[in-house]
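> Provided below are the primary sequence and the corresponding predicted coordinates.
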Amino acid sequence: AMLLYAAGFAVVLNLIKSRGGEDTDTILSVLASVSLAVGLLILSRGGSFASYSALLVGDVLSVRSSDLPFLLILLIISILFLIFGGNACLALSVHPALAKAKGISAALYENLFAVLVAVDVALSIRWVGILLINALLILPAAASRCISQCLTEYLAFSVVFSMFSGLLGLFVSFFCNVATGPAIICVAGAVYLGCFVYGKMLKN
């Protein structure tokens, strides 16, 4: 149900964006906030929310071995999408009009990308946490942007920083006996800060 809702959420967001109107960031913030509130209302019925509180900050112990095949399949799908659809998405981002003139379907690739990200997020929530998942999406990419000179470097550094933050965050969480999600985000934040300072030094 969570995966279906995430996919539907992504498609509705793109549909609203394509129709014009509010800014995409505004639409995303409104839909995400309302969805989170509705979910918390449902879970808190009868005062039983305490058993779900780990969803807010994440709990690596909640990831079952049965989840790993789904994560592996999703990783393979993501890599295939990057290989076969990466150029189309880049063209739509840089020059939408030119991309459409060359026959690239904006709706198709935008919906595929949005659904893929939404499913990634849905599967990662129990590990990273609802309140922190957005930071994990942003921080590695932001850190990569500070030091990258081209798109290839940007993608490579984003993946490396994500994996580094996840692995080091797990070790910090285990040895310091703290929540996994916040530990990963703190590591990712430190990586971003280091890249930001290093990027400024390179420019100067």
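Looks like it arrived, so ask away.
> going forward, measure contacts between C-alpha atoms and count neighbours the same way
Noted.
> and Gly103, what element?
Under DSSP states H and E, no helix or strand contains Gly103.
> quick one, what contacts Pro69?
By C-alpha atoms under 8 Å, 6 or more residues apart in numbering, the contact set of Pro69 is empty.
> what's the helix or strand harbouring Ile16 packed up against?
Element membership for Ile16, per DSSP H and E: helix 2-18. Packing partners of helix 2-18 (3 or more C-alpha pairs under 8 Å, 6 or more residues apart in numbering; DSSP states H and E): helix 24-43, helix 106-128.
> now the residue nearest the centre of the chain: which helix or strand?
In the chain, the C-alpha nearest the mean C-alpha coordinate belongs to Leu137, at 3.6 Å (C-alpha atoms, centre = their mean). Using DSSP H and E, Leu137 falls within helix 133-147.
> so what does the next helix or strand after that helix touch, helix or strand wise?
Following helix 133-147 in sequence order, the next helix or strand is helix 151-176 (DSSP H and E). Using 3+ C-alpha pairs under 8 Å, 6+ apart, the elements in contact with helix 151-176 are helix 133-147, helix 180-203.
> relative to Leu112, which of these is closest?
Closest to Leu112 of the helices and strands packed on helix 151-176 is helix 133-147 (C-alpha to C-alpha; 17.2 Å).
> tell me the angle of the closest one relative to helix 151-176?
Interaxial angle of helix 133-147 relative to helix 151-176 (axes from the mean of the first three to the mean of the last three C-alpha atoms, to 10 degrees): 130 degrees.
> for helix 133-147, give the mean pLDDT please.
Averaged across helix 133-147, pLDDT comes to 87.
> so for that helix, what gets flagged as buried?
Neighbour counts over helix 133-147 (16 or more other C-alpha atoms under 10 Å) mark Ile133, Ala135, Leu136, Leu139, Pro140, Ala141, Ala142, Ala143, Ser144, Arg145, Cys146, Ile147 as buried.
> quick one: which of those residues is nearest Leu82?
Using C-alpha to C-alpha, Ala141 comes nearest to Leu82 of the buried residues of helix 133-147, at 15.4 Å.
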